[in-house]
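Undergrad: Sequence and computational prediction follow.
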Amino acid sequence: MAVRREAPFQGSGEKGERGDKGFKDTIILFTIIDHMESSSIKDAVFLTFDSIFSSKDLTSRLQNQGLNLFIAKSFKEATEYINKNIDNLVKQHIEEESKKIKEFLEDNFDYVTSFIVDNVEISEQFLKPTGLLGAFLSDHSLDNVSIIKILKITPKSITSAKPGLIDKDEPKVENAKAITFTVSLQFNLLVQEYGFGIFGFESKKFPISTPEAYEELKARPFLGEPRIMEKTVLRDITIDAYIHLKDGEYNKLEISKANTY
């Protein structure tokens, strides 16, 4: 910087004489860069009234090093910038952290599968949710059938992962990160279609002149031979867990509970 007279170093005084003008500003700049790089900080705000820090050469230098240093000339300008960008920064941080968590879980999927098989219990409501639970389900292929038998249950994949929240009544785990993730379970089922009178989509008609005919139809739960078939559906199960850290890196997965109904 001093040799090439790059900002913030200027070297020349007001009358053009050689000197160390900008040397202190250069020390400040290098201190900021060193702190950002050593702390893995990519975005920061620097509040200063010195216009030398707003030079294009300085901005280009920081960008080449993968750093985004916003130069604010007032507290108001700094506050406005932070408020404008904080949501994006938080969202970006959560997305990056979620991706890292998901990759760690995929590496430990055998443990996740073992936990589910050995510890998780579900009800028929989990496969065929009703009310508000059913409103959030996109797959309604089981709405018009009765489950006869569950042939096989297979954990398939991690569908989502994110930093989790710790319940206030739950003891704090030292040196560990709380996470929440979902696992897609594949259910191979043997099902039977409902007949007339039991949630059928195609209702059998009866003449208005003979209302007693409805009772006759209602008394026959199945019209014709009911179809028995195999169906495959996917359902997500939500799991709370901790990732234990060693030297700041993900080290061990500890599942605390699965949320089912």
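TA: That came through fine.
Undergrad: What mean pLDDT does stretch 68-83 get?
TA: Average pLDDT, stretch 68-83: 87.
Undergrad: quick one: contacts of it?
TA: With contacts defined as Cβ atoms under 8 Å, 6 or more residues apart in numbering, stretch 68-83 is touched by 32, 36, 42-49, 51, 53-54, 62. No exception for glycine: its C-beta is placed from N, CA and C like everyone else's.
Undergrad: These, buried ones only, as a PyMOL selection?
TA: Buried residues among those (16 or more other Cβ atoms under 10 Å), as a PyMOL selection:
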select buried, resi 32+36+53+62
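Undergrad: Serialize the contacts of stretch 68-83 to a markdown table and add fields for distance to residue 227, secondary structure and pLDDT.
TA: Compiled in a markdown table, the contacts of stretch 68-83 are given as follows (distance: Cβ to Cβ, whole Å; DSSP: H, G, I helix; E, B strand; the rest coil; pLDDT from 0 to 100):
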| residue | distance to residue 227 | secondary structure | pLDDT |
| --- | --- | --- | --- |
| 32 | 72 | helix | 86 |
| 36 | 66 | helix | 86 |
| 42 | 59 | coil | 81 |
| 43 | 60 | strand | 82 |
| 44 | 65 | strand | 86 |
| 45 | 66 | strand | 87 |
| 46 | 71 | strand | 86 |
| 47 | 72 | strand | 88 |
| 48 | 76 | coil | 84 |
| 49 | 80 | coil | 80 |
| 51 | 79 | helix | 72 |
| 53 | 75 | helix | 75 |
| 54 | 74 | helix | 70 |
| 62 | 68 | helix | 80 |
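Undergrad: quick one: which of the contacts of stretch 68-83 is nearest to residue 173?
TA: If you rank the contacts of stretch 68-83 by distance to residue 173 using Cβ to Cβ, residue 42 comes first, at 29.1 Å.
Undergrad: Can you pull the phi/psi pair for the closest one?
TA: Dihedral pair for residue 42: phi -100, psi -30, per degrees, to the nearest 10.
Undergrad: tell me the SS of residue 252?
TA: strand (DSSP: H, G, I helix; E, B strand; the rest coil).
Undergrad: quick one: what helix or strand has the residue nearest to it when sequence neighbours are not counted in it?
TA: Distances taken as Cβ to Cβ, 6 or more residues apart in numbering place residue 244 nearest to residue 252, at 4.2 Å, with adjacent residues excluded. Per DSSP states H and E, residue 244 falls inside strand 228-246.
Undergrad: Could you please name the strands that strand pairs with and the direction of each pair?
TA: Partners of strand 228-246 in the sheet, by DSSP bridges, are strand 176-193 (antiparallel), strand 249-259 (antiparallel).
Undergrad: contacting residues for residue 123?
TA: Contacts of residue 123 by Cβ under 8 Å, 6+ apart are 260, 261.
Undergrad: Likewise for the one 10 residues further on?
TA: Contact partners of residue 133, counting by Cβ under 8 Å, 6+ apart, are 125, 261.
Undergrad: Am I right that it sits in a helix?
TA: Yes: counting by three-state DSSP, residue 133 falls inside a helix.
Undergrad: quick one on the thing from earlier: make TSV out of the strands paired with strand 228-246 and add mean pLDDT.
TA: Below are these laid out as TSV (pLDDT from 0 to 100):
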stretch	mean pLDDT
strand 176-193	93
strand 249-259	93
